[in-house]
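Below are the sequence and a predicted model for it; my questions follow.
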Amino acid sequence: MRASHHTPVSHQTGDPAAHEAGSAPTGDIRGAKGRGAGLNMAGRFERESSEAFDDGWGTLDEIPVLRTHVQEERARTIITRNDSPDISFDRSINPYRGCEHGCVYCFARPSHAYAGLSPGLDFETRLTVKPNAAELLERELSKPGYKPRTIAIGTNTDPYQPIERDRGVMRDILTVLDRCNHPVGIVTKSALVLRDLDILAPMAERGLAKVALSITTLDRKLARTMEPRAATPSRRLAALKGLSEAGVPATVMVAPVIPALTDHEIERILEAAFEHGAREAGYILLRLPIEVSPLFRDWLLRHRPDSYRHVMNLVRSMRGGKDYDAQWGKRMRGEGPYAKQLAQRFSLACKRIGLNSRRRSLTADLFNPPQAGGVQLKLF
């Protein structure tokens, strides 16, 4: 990931009385209502760490309700490049760092450690916004020699997480892409994407936009504990329908597939998504890199203790005996008999339902570079 220089500016969204500065206490934070993580371990690069524990005097009960704190970052670049051979895009944009959706299994959590913050509760309560994202995008698209290819948004943190309602950074980015006829692929768990149909629908008509909704489970109660501030499963299905009816190609991502917890829902999720207009589908196996593993294990022990051993044994059976294997070609699907069975089930279900019978590609042929961002025009 490309490094960026920034000047932090403290900012609080929504009701000022409902926000507090400062990180959550480190350690075991059982009173974090409405949050996915139950831990706030120090980042792996920190020299010192502290831990909250019950000393018998009820002090943990005095921990205040965790509020969302947002700071601004004046980034120098906005398009991140990658050369990973097992993903379909080579560039992406992340309008925000951290994600208030609080999905306990989120593979992007470890990235918070690079900012000196915890991948635990800090990841979902200490957010960073890039208010100059659209300005930077226009400048980078203006550079001589820029070759357009689909930009992926939502691959690290959700561009339509709650603070987007107030900040509108994603909408500003889409406005630039629309004006330049630049293709974009979006992944989200939020129904807020429907707000931007006035931009996405005309772009889709020109072959410039696709949107994927990630659905982990159709069980509302399970979703509320596992991904507490994301849209409910029914609202995500409704978003698929709204996108499809507006002419925006809609994809369902069954992600992540959690063995012995949500894997039995694969067929039901695909069927429901198809009924709501999705015509393409994909899936990703649960990923537990570095700090995500203890967070997920802790969540299992708190919410599904009877399933703990079964879930983790199956995970390790697909990851070479480990909680995670980051090798390209294996990290998304796993390996072994159970992983092959999941792949076969997914493929057969898509074929039976009618998903992925035709994949719609986006075009880069219409790209019109903006004349902005300090680009020197040709004299002759």
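Sure, I can see it.

by contact count, what packs against the lengthiest helix in the chain?
Secondary structure of the chain per DSSP state H: the longest helix is helix 337-353. Judged by 3 or more C-beta pairs under 8 Å, 6 or more residues apart in numbering; DSSP states H and E, the packing partners of helix 337-353 are helix 266-275, strand 280-285, helix 308-317. Yep, even glycine has a C-beta here, placed from its N, CA and C like the rest.

How about residues contacting that helix?
254, 257, 259, 263, 266-267, 270-271, 274, 281, 283, 285, 314, 317-318, 333-334, 355-356 (C-beta atoms under 8 Å, 6 or more residues apart in numbering).

Now, of those residues, which are buried?
254, 257, 259, 263, 266-267, 270, 274, 281, 283, 285, 314, 317-318, 333-334, 355-356 (16 or more other C-beta atoms under 10 Å).

sorry, back to before: want to throw the helices and strands packed on helix 337-353 into JSON lines with distance to residue 208?
Listed next are these as JSON lines, based on distance: least, C-beta to C-beta, whole Å:
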{"stretch": "helix 266-275", "distance to residue 208": "23"}
{"stretch": "strand 280-285", "distance to residue 208": "16"}
{"stretch": "helix 308-317", "distance to residue 208": "38"}
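
Of all the ones you listed, which one is nearest residue 172?
Set against residue 172 and scored by C-beta to C-beta, the helices and strands packed on helix 337-353 come closest in strand 280-285, at 27.2 Å.

The closest one to helix 337-353, inter-axis angle?
170 degrees (axes from the mean of the first three to the mean of the last three C-alpha atoms, to 10 degrees).

And for strand 280-285, what's in contact with it?
Contacts of strand 280-285 (C-beta under 8 Å, 6+ apart): 212, 249-257, 266, 270, 273, 318, 332-334, 339, 342, 346, 350, 355-356, 359-360.

Could you point out the helix or strand that follows that strand?
For strand 280-285, the following helix or strand on the C-terminal side (DSSP states H and E) is helix 292-303.

And the strand of greatest length in the chain, what does it pack against?
Using DSSP state E, we find that the single longest strand of the chain is strand 250-257. On a contact count with 3+ C-beta pairs under 8 Å, 6+ apart, strand 250-257 meets strand 209-214, helix 233-245, helix 266-275, strand 280-285.

List of residues touching it?
105, 187, 210-216, 240, 243-244, 263, 265-266, 269-270, 273, 276-287, 342, 346, 355.

ok, now with 6 Å
For strand 250-257, contacts defined as C-beta atoms under 6 Å, 6 or more residues apart in numbering pick out 105, 211-215, 240, 243-244, 263, 266, 269, 273, 277-278, 280-286.

where does the nearest residue to residue 155 once chain neighbours are set aside fall, phi/psi-wise?
Nearest residue to residue 155, sequence neighbours excluded (C-beta to C-beta, 6 or more residues apart in numbering): residue 92, at 5.0 Å. Dihedral angles of residue 92 (phi, psi; degrees, to the nearest 10) stand at phi -150, psi 170.

does residue 92 really touch residue 149, like I thought?
No - look at residue 92 against residue 149 with C-beta atoms under 6 Å: they stay out of range, at 10.9 Å.

Those two - which one has more neighbours?
residue 92 (21 against 14; other C-beta atoms under 10 Å).

Show me where the stretch 251-380 of the chain dips below the pLDDT cut-off.
Low-confidence segments of the stretch 251-380 of the chain (pLDDT under 70): 372-380.

could you redo the last one with a cut-off of 50?
373-380 (pLDDT under 50).

how close does residue 141 sit to residue 117?
31 Å (C-beta to C-beta, to the nearest Å).

Residue 260 now?
In terms of C-beta to C-beta, residue 260 sits 32 Å off from residue 117.

out of those two, which sits in the more crowded spot?
When residue 260 and residue 117 are compared for neighbours, residue 117 comes out ahead with 23 against 17, by other C-beta under 10 Å.

just checking, the more buried one touches residue 126?
Yes - shown here, residue 117 and residue 126 form a contact pair, counting by C-beta under 6 Å, at 5.4 Å.
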